[in-house]
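# kindly generate the corresponding structure for this input.
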Amino acid sequence: MTVSIFPTIKTRFSIGWVLMLGSSGLMAFSYLILMFIDNAPDLFMIYSAFSLYAFLVLLIPFREGKKWAWMATWILPVVLALTAYFAPEFAPFYYGAAVVFVLGLLLTMSEFFSNRMGK
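A predicted model of the protein is given here:
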């Protein structure tokens, strides 16, 4: 009997999916809160809508294994990194979130491209 120290593909997928789903949910919630307590509600409204949309894509089509959802999710870390570049005072938060999403996408990649989901 052999024991593998590496997590299975399903485990890696679950870890990556939960990381991204939780991060997008927390971002949507924080932007909704900031929308009511800051002087730029329109900016936070746009970011909360963007994060909520990412949350819904991750919740349904991403979990079902749709390849388009995996590819479309790459938009989020790119936008987060660009936001960090143009708003250096918040760069650690946005770069950190971008790293979490890239890590989550890399953890889920093998499940999408191994023909196990069949989609």
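# hey, let's count contacts and neighbours off CA atoms from now on
Fine.
# ok, now how distant is the residue most central in space within the chain from V57?
Centroid-nearest residue in the chain, with Cα atoms, centre = their mean: M20, separated by 3.6 Å. According to Cα to Cα, to the nearest Å, M20 and V57 sit 11 Å apart.
# just to revisit the earlier point, where does the residue nearest to the centre of the chain land on pLDDT?
What the model reports for M20 is a pLDDT of 96.
# is it correct that it is in contact with A97?
No. With contact defined as Cα atoms under 8 Å, M20 does not count as touching A97 (9.1 Å).
# where is the longest helix in the protein?
helix 9-37 (DSSP state H).
# now do that helix: which elements does it pack against?
Here helix 9-37 touches helix 41-57, helix 91-112, going by 3 or more Cα pairs under 8 Å, 6 or more residues apart in numbering; DSSP states H and E.
# distance between that helix and the chain's centre?
Averaging C-alpha positions (Cα atoms, centre = their mean, to the nearest Å) puts helix 9-37 6 Å from its chain's average.
# isn't M27 up against F50?
No. In this structure M27 lies outside contact range of F50 using Cα under 8 Å: 9.5 Å.
# the two: who's more crowded?
Shown here are M27 and F50; by other Cα atoms under 10 Å, M27 has more neighbours (19 against 16).
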